[in-house]
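Asks: Have a look; sequence and predicted model below, questions after that.
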Amino acid sequence: MQKYLQYQANVIYLERNLALTVDCPKRPVSKAILLTAASSGKEPTHMRQHVESVQQSAQEVQDKQKPLWYRKLVAGTAAAAFALTGCSAAGASSERPAPVVTTPSAPEGVNPRTGCLIDPPSEVPRSHEELVAELEIPAGLEPEEYAQEYLNRLEQWYMSGATEEACNNFYDFSKTTEVRRGELLAAAREDSKIFADALYVPDWEQRGDLQYAYKSRPETSAVMAEWWIKNHRDGTEDFQFKINYGSTDVLVDDSDGNFIISINGTQDTNWEAMEHDVTNIKELDEVSFDIKLSVQTQEDGTMKVANLGAGIPATQQ
């Protein structure tokens, strides 16, 4: 309410003092023109334009106080509005129609305070086994093809917490920040189990290197989910974490769908477009990686990781 009253005061000041104008050439108002206008009952054209420009400036002050989602929604009309001001490089025309006053409204189904979908599309509940099957990599791929599929799943793993449901839950301020972040981490751990079952061999929980990856990734995934949620609300675009495939070195290949490969590439983010946690996000940008893994074809027609990095026996390297 205080901001609204202050805005009204600013508008009254502008209307009384005619302090704001557009950057169009101004012509002096002669006494003859004023007398002619008074006798005809009409305002001089350029004076009317001056008043309209003040009204337009007041509208701009109002628009700047709107939520970012609203400013983004109407940004596409800004160029057209500028074209109607009558200002041009040559100053050829000073005529323009009266400014159009728009009524602010949130995109349908979006919470204007948080940017989250109020009622996210509901999905038919799927079992753990169904979710795993959706992420498994089918057998029959060449090492290079497998490497690209693996990186694609890895990227999804890290960004698995970026959902509308998580967004709504995170802005439940009846809970403390600690509790809300704990819920992000708990969800990330559930997702991590799904990805591990989909990408790793059946006995992965007995393999130290795979167990370590499973336990360490949820914390990173939860942090990325929070970055996504915060910038989903205020950023110019959603946070994105990308894993870019470079090349694959085949170290061992038995031609039966079992091989050891080294995948290299880079990871990056769109940190420059973010509003929150920019410094932390930037640290993940343009980082090179080299992943070494042993892949085995399973009897169920899938390809899964048997060892990661240091877990690969030296005699096989």
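Replies: Thanks, I have the structure now.
Asks: buried set for the helix or strand containing residue 243?
Replies: Using DSSP states H and E, residue 243 maps to strand 241-253. Of the residues in strand 241-253, those scored as buried under the neighbour-count criterion (16 or more other Cβ atoms under 10 Å) are 241, 242, 243, 245, 248. The C-beta positions use only the backbone N, C-alpha and C, and glycine is treated the same way.
Asks: what's the average pLDDT for the helix or strand following it?
Replies: Counting by DSSP H and E, the next helix or strand C-terminal to strand 241-253 is strand 259-269. For strand 259-269, the per-residue pLDDT values average out at 94.
Asks: likewise stretch 276-288?
Replies: Averaging pLDDT along stretch 276-288 gives 85.
Asks: got the end-to-end distance for that stretch?
Replies: Stretch 276-288 has an end-to-end distance of 24 Å (Cα to Cα, to the nearest Å).
Asks: Report the helix or strand with the lowest average pLDDT across the chain.
Replies: Among the helices and strands of the chain, helix 78-83 carries the lowest confidence by mean pLDDT, DSSP states H and E, at a mean of 30.
Asks: Show me what the one helix or strand residue 305 maps to is packed against.
Replies: With elements taken from DSSP H and E, the one containing residue 305 is strand 302-308. Helices and strands in packing contact with strand 302-308 are listed as strand 137-138, helix 208-234, strand 287-297; criterion 3 or more Cβ pairs under 8 Å, 6 or more residues apart in numbering; DSSP states H and E.
Asks: Burial-wise, tell me which of these comes out on top.
Replies: For the helices and strands packed on strand 302-308, ranked by mean neighbour count under the definition mean count of other Cβ atoms under 10 Å, the leader is helix 208-234 at a mean of 20.
Asks: tell me the angle of that helix relative to strand 287-297?
Replies: 130 degrees (axes from the mean of the first three to the mean of the last three Cα atoms, to 10 degrees).
Asks: Now do helix 208-234, average pLDDT.
Replies: With pLDDT averaged residue by residue, helix 208-234 scores 91.
Asks: Retrieve the pLDDT associated with residue 118.
Replies: Among the per-residue scores, residue 118 shows a pLDDT of 78.
Asks: Tell me the spacing between it and residue 275.
Replies: Computed as Cβ to Cβ, to the nearest Å, the residue 118 to residue 275 distance reads 22 Å.
Asks: Same check on residue 114?
Replies: Distance from residue 114 to residue 275, counting by Cβ to Cβ: 14 Å.
Asks: Comparing those two, which residue is more hemmed in?
Replies: Summary of the neighbour comparison: residue 114 and residue 275, criterion other Cβ atoms under 10 Å, with residue 114 having more neighbours (19 against 13).
Asks: residue contacts, residue 160?
Replies: Contacts of residue 160 were listed using Cβ atoms under 8 Å, 6 or more residues apart in numbering, and they are 188, 191, 195, 221, 225.
Asks: er, residue 196 I mean
Replies: When contacts are taken as Cβ under 8 Å, 6+ apart, residue 196 is in contact with 204, 210, 213, 214.
Asks: thought the third one was touching residue 293?
Replies: It refers to residue 213. No. Applying Cβ atoms under 8 Å as the test, residue 213 and residue 293 come out as separate, 10.1 Å apart.
Asks: which residues are in contact with both of the two?
Replies: residue 308.
Asks: quick one, phi/psi of residue 285?
Replies: Backbone torsions of residue 285, given as degrees, to the nearest 10, read phi -90, psi 140.
Asks: Help me confirm that residue 275 is found in a helix?
Replies: No. With DSSP: H, G, I helix; E, B strand; the rest coil as the criterion, residue 275 is coil rather than part of a helix.
Asks: how close does it get to residue 286?
Replies: Computed with Cβ to Cβ, the distance linking residue 275 and residue 286 is 20 Å.
Asks: if we can go back for a sec, nearest approach to residue 164 belongs to which of the helices and strands packed on strand 302-308?
Replies: Nearest to residue 164 among the helices and strands packed on strand 302-308 is helix 208-234 (8.6 Å), distances taken as Cβ to Cβ.
Asks: The closest one packs against which elements?
Replies: Contacts of helix 208-234 with other secondary structure elements, assessed using 3+ Cβ pairs under 8 Å, 6+ apart, are made with helix 143-158, helix 164-170, helix 177-199, helix 278-282, strand 302-308.
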